[in-house]
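J.: give the three-dimensional model of this entry:
(one chain, ligands or ions: 1)
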Amino acid sequence: MNYKVLIIEVNEEFRVEARRELLRRGLSVRDCNNLEEGISALREDGDIQVVLVNWRSRKTKESQGTDIEGEIIFREILKVRFEVNLFLFTKEKDPRKIGGKGLITGYFYKDDRDYDDMYRKITAVVKEKQQAPFFEELVRYASKSNDSWHTPGHSSGDSVKHSPWVRDYYEFFGHNMFASDISVSVPALDSLLDPKPEGVISKAQELAARAFRAKRTFFVTNGTSTSNKILLQTLLKPGEAILLDRNCHKSVHYGIIAAGAEPVYLTPSVNNDFGIFGPIPKKRLYATMDQGLAAGKKLKALILTNCTYDGLIYDLEEIIAEAHKRGLKVIIDEAWFGYANFHPAFYPCAMAAGADYATQSTHKTMSAFSQSSMIHVNDPDFESIEDFFMENYMLYSSTSPGYPMIASLDVARKQMVMEGYRLLSNALQLAEDLREAVNSLDGFRTLEAEDLISEELNGDGIRLDRTKVTVDITRSGYSNKKLEHLLLSDYGIQVEKTTFNTMTFLITIGTTRSKINRLFLALEALSKRKGTGGVLRPAEPLNLVLSEIKFLPRHAFYCEGVYSPVQKCEGRIAAGMVVPYPPGIPILVPGQAVTREIITYLSTLFEKGVEIHGMQEGYINILTPDEEAELARRGWAISS
Ligand SMILES: Cc1ncc(COP(=O)(O)O)c(C=O)c1O
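T.: Model prediction:
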């Protein structure tokens, strides 16, 4: 496989010699004599995996002699490409005068002129990164075609391949799908729930931790929905509280029920021009933390989604530092942002910004199979809770995890380390090209961070993940539903998300220029056809009406409740979750007071025919008076 070594070396003699010697040993090499050129090489050439750099360098080609040194050089390089390996190549003899602060991979003393050693160490490091130990072992095992006397019952496909009825199942998925779907009875493949120190799952998880900047990484085969629940149940004891965005994914709300925790909600910002719920303003976040602590709530953790579904990125470092100051652990749900450590356009990822935990849907934005997720850990106190974490990990895990999924996590990590930067650079370029082309069309306009955020976020340092392209369709003449329908029926294009006047397209590492141009041509044709709908206006401003939590969600959840017409529920307490789609944010969670405002809100949506989960023909589940009285009698009412 072709990767490159970049030599940044001011001394002509050593630069030429090192290049010649490494080339002679079969490595691909680029070289330059100053940091500025080195950094532009790193930006433009995603194949560079290793940088050989002197302790002292020239900043630019105009510099007179060396004018930049040591750690500053390493940091400048890692700011652009965190995943490359740095090797020091120096004439400094005294090891006490140099130091890498954990930033460098290795050291070579120039006058040793031991290029064989250099070659071996460089190739060993890259070889290590490009392993996919679990995937490789799975391939090896499957190719042996061992007789299987264990589960799964399809026995590598033998139960179906000659069937007159279901042979198509075998043919569609192919032999390898069956051969790699193996049971946990195969010791060579380690065990997800009890990985052996030298096992291939341990090794794969270790490599993932290194790649994603975590101390520990755990693979999860039931999606980030499960990763979130594992963490909430680990970090929160019954009655302890967590601060969360009301707009957090529903797995977080369910995790709170399961943990028996008290939710302290943060109301997201709202952009009514485009019907978008955005990040939580910093001021509100800090004030809610302080109020919660002042009210005596046992606040233990904060969970936020970064980036948001629409690609809005928080200024995480400051927020995490503020939460830590107040003694909270921080979990960042990076379901949509797992690639953030592989391109400076997205830095810092949650782990680099200081989060204690991050959950990632490796399947959503990287190359893993559906449901494949990772939990990354940097919590300095993790060791003391590791056993309890493992109990919760097992509580939510199948004892028969899908091996193809584990393999896909291993390979997705390898891909991001080896070519993530290049793929993301390409995705970012495609996104900009799409923006430019769409903006040339009548009736369509792409939105920037300033358009997507609301005023209350001004000064909060919110950035846009530019691979998420949101198009304003207000003046297209089409409604969102009409446009979504036409794109699918006439052009075979499925959109990720719409609001009443926007459409969001996700550019991923799998997006091709053909796809981008097909999308543009479809929008161009629709722009020429011009819809007849006139200018779109929001029917009503988005309004997230919240009310008090009277009982812990878990206590209310375990009550049977009674379904009652929503109109008659004022003053009662919800027993179930009620979630209108869109926007998919729970309006009621178990234990929450039903107020007149909430009734009006839900009734209006119901009359408009909005899909509302947890509401059946205008009825919602509420606690019976007896249940309320019983919860209160047990002393389970929450003081606000
Ligand atoms: C913010 C967020 N977190 C978690 C999840 C759940 O992820 P998964 O589908 O991997 O279970 C989603 C899914 O859409 C999500 O949007």
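
J.: every contact and neighbour count from this point should use C-alpha atoms.
T.: Fine.

J.: near the ligand, which residues of the chain are found?
T.: With CA under 6 Å from any ligand atom as the criterion, the chain meets the ligand at residues 223-225, 249, 305, 333, 335, 361, 371.

J.: just the ones in strands from these, please.
T.: Here DSSP state E is the test, and those give 305, 333 as lying in strands.

J.: which two from the residues of the chain next to the ligand end up farthest apart in space?
T.: Put simply, by CA to CA the two of these set farthest apart are Thr305 and Gln371, 18.1 Å from each other.

J.: show me what residue of the stretch 51-200 of the chain gets nearest to the ligand.
T.: The minimum distance from the stretch 51-200 of the chain to the ligand, using CA to the nearest ligand atom, falls at Leu192 (17.8 Å).

J.: where does the stretch 451-600 of the chain dip in pLDDT?
T.: Applying pLDDT under 70 to the stretch 451-600 of the chain flags the ranges 531, 538-540.

J.: if we use 50, what do you get?
T.: In the predicted model, the stretch 451-600 of the chain carries no residue with pLDDT under 50.

J.: relative to the ligand, which residue of it is the closest?
T.: Gly584 (10.1 Å).

J.: follow-up on the earlier one: spatially nearest residue to the residue of the stretch 51-200 of the chain closest to the ligand (excluding sequence neighbours)?
T.: Sequence neighbours aside, Ile201 is the residue nearest to Leu192 in space, at 6.5 Å (criterion: CA to CA, 6 or more residues apart in numbering).

J.: endpoints of stretch 617-630, how far apart?
T.: Using CA to CA, to the nearest Å, the gap from the first to the last residue of stretch 617-630 comes to 29 Å.

J.: helix/strand/coil for Met390?
T.: At Met390 the chain is in helix, as set by DSSP: H, G, I helix; E, B strand; the rest coil.

J.: find me the pLDDT at it, would you?
T.: On the pLDDT scale, Met390 is placed at 97.

J.: next one: the one 4 residues further on
T.: Per-residue confidence for Met394 comes out at a pLDDT of 96.

J.: the one 4 residues further on now?
T.: As predicted, Ser398 sits at a pLDDT of 93.

J.: Thr267 now?
T.: Thr267 carries a pLDDT value of 93.

J.: wouldn't it be in contact with Phe277 here?
T.: No: Thr267 lies out of contact with Phe277 (CA atoms under 8 Å); the separation is 9.3 Å.

J.: quick check: closest non-adjacent residue to Asn493.
T.: Quick fix: residue 493 is Ile, not Asn. Across the structure, with CA to CA, 6+ apart as the measure, the residue nearest Ile493 apart from its sequence neighbours is Leu487 (5.2 Å).

J.: separation between that neighbour and Ser28?
T.: Relative to Ser28, Leu487 is positioned 45 Å away (CA to CA).

J.: could you do Leu328 as well?
T.: Computed with CA to CA, the distance linking Leu328 and Ser28 is 48 Å.

J.: the more surrounded of the two?
T.: Leu328 (21 against 16; other CA atoms under 10 Å).

J.: can you give me the pLDDT of that one?
T.: Reading off the per-residue confidence, Leu328 sits at a pLDDT of 98.

J.: got phi/psi on it?
T.: Here the main-chain torsion angles of Leu328 (degrees, to the nearest 10) amount to phi -100, psi 150.

J.: OK, contacts around it?
T.: For Leu328, the contacting residues are 299-302, by CA atoms under 8 Å, 6 or more residues apart in numbering.

J.: at 6 Å instead, please
T.: Neighbouring residues of Leu328 by CA atoms under 6 Å, 6 or more residues apart in numbering: 300-301.

J.: in which helix or strand would I find Pro263?
T.: Assigning secondary structure by DSSP states H and E places Pro263 in strand 262-266.

J.: which elements pack onto that strand?
T.: Here strand 262-266 touches strand 241-245, going by 3 or more CA pairs under 6 Å, 6 or more residues apart in numbering; DSSP states H and E.

J.: next, the angle strand 262-266 makes with the strand it packs on.
T.: Orientation note: strand 241-245 sits at an angle of 30 degrees relative to strand 262-266 (axes from the mean of the first three to the mean of the last three CA atoms, to 10 degrees).

J.: in its sheet, what does strand 241-245 sit against?
T.: For strand 241-245, the paired strands and their directions (DSSP bridges) are strand 262-266 (parallel), strand 299-305 (parallel).

J.: can you tell me which of the ones you listed is packed in deepest?
T.: Stretch with highest mean neighbour count among the strands paired with strand 241-245: strand 299-305 (a mean of 23; mean count of other CA atoms under 10 Å).

J.: now the element after it, going C-ward?
T.: The first helix or strand that comes after strand 299-305 along the chain, using DSSP H and E, is strand 312-313.

J.: each with direction, which strands does that following strand pair with?
T.: Sheet neighbours of strand 312-313, with direction, are listed as strand 463-464 (antiparallel) (DSSP bridges).

J.: still on that earlier bit, show me the one of the strands paired with strand 241-245 that comes nearest Pro164.
T.: When these are ranked by distance to Pro164, counting by CA to CA, first place goes to strand 299-305 at 48.7 Å.

J.: okay, Thr267 and Phe277: which has more neighbours?
T.: With other CA under 10 Å as the criterion, Thr267 and Phe277 differ in neighbour count, and Phe277 comes out ahead with 24 against 21.

J.: the more buried one pairs with what?
T.: So, taking DSSP bridges as the rule, Phe277 has Val270 as bridge partners.

J.: gap between it and the ligand?
T.: To the ligand, Phe277 is 13 Å away according to CA to the nearest ligand atom, to the nearest Å.

J.: pretty sure that residue contacts Val270?
T.: Yes: contact status for Phe277 versus Val270: in contact at 4.6 Å, counting by CA atoms under 6 Å.

J.: can you give me the strands in the stretch 401-550 of the chain?
T.: In the stretch 401-550 of the chain, the strands defined using DSSP state E, counting those that start in this stretch lie at 445-446, 463-464, 468-472, 497-499, 502-506.

J.: just send these back as a markdown table, with mean neighbour count and distance to Leu103 too.
T.: As requested, the strands of the stretch 401-550 of the chain are arranged in a markdown table below (neighbours: other CA atoms under 10 Å; distance: least, CA to CA, whole Å):
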| stretch | mean neighbour count | distance to Leu103 |
| --- | --- | --- |
| strand 445-446 | 20 | 39 |
| strand 463-464 | 20 | 27 |
| strand 468-472 | 22 | 32 |
| strand 497-499 | 19 | 40 |
| strand 502-506 | 20 | 33 |
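
J.: who touches stretch 28-40?
T.: For stretch 28-40, the surrounding residues in contact (CA under 6 Å, 6+ apart) are 4-10, 58-61.

J.: then stretch 562-573?
T.: The contact list for stretch 562-573 (CA under 6 Å, 6+ apart) reads 591-596, 618-623.

J.: repeat that with 10 Å
T.: With contacts defined as CA atoms under 10 Å, 6 or more residues apart in numbering, stretch 562-573 is touched by 548-551, 556, 561, 574-576, 588-600, 602-603, 615-625, 628.

J.: restricted to buried residues, select those in PyMOL.
T.: When burial is assessed using 16 or more other CA atoms under 10 Å, the buried subset of the contacts of stretch 562-573 is captured in PyMOL by this command:
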select buried, resi 548+549+550+551+556+561+574+575+576+588+589+590+591+592+593+594+595+598+599+602+603+615+618+619+620+621+622+623+624+628
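
J.: contacting residues around the residue of the stretch 451-600 of the chain closest to the ligand?
T.: When the contact criterion is CA under 10 Å, 6+ apart, the partners of Gly584 are 247-250, 578, 611-613.

J.: quick one, domains of this structure?
T.: 4-129, 215-397, 418-529, 553-633 (automatic domain parsing).

J.: out of these, nearest to Leu409?
T.: Ranking these by proximity to Leu409 (CA to CA) places domain 215-397 first, at 5.3 Å.

J.: from the chain's centre, how far out does the closest one sit?
T.: 10 Å (CA atoms, centre = their mean, to the nearest Å).

J.: SS state for the residue of the stretch 451-600 of the chain closest to the ligand?
T.: Once three-state DSSP is applied, Gly584 turns out coil.
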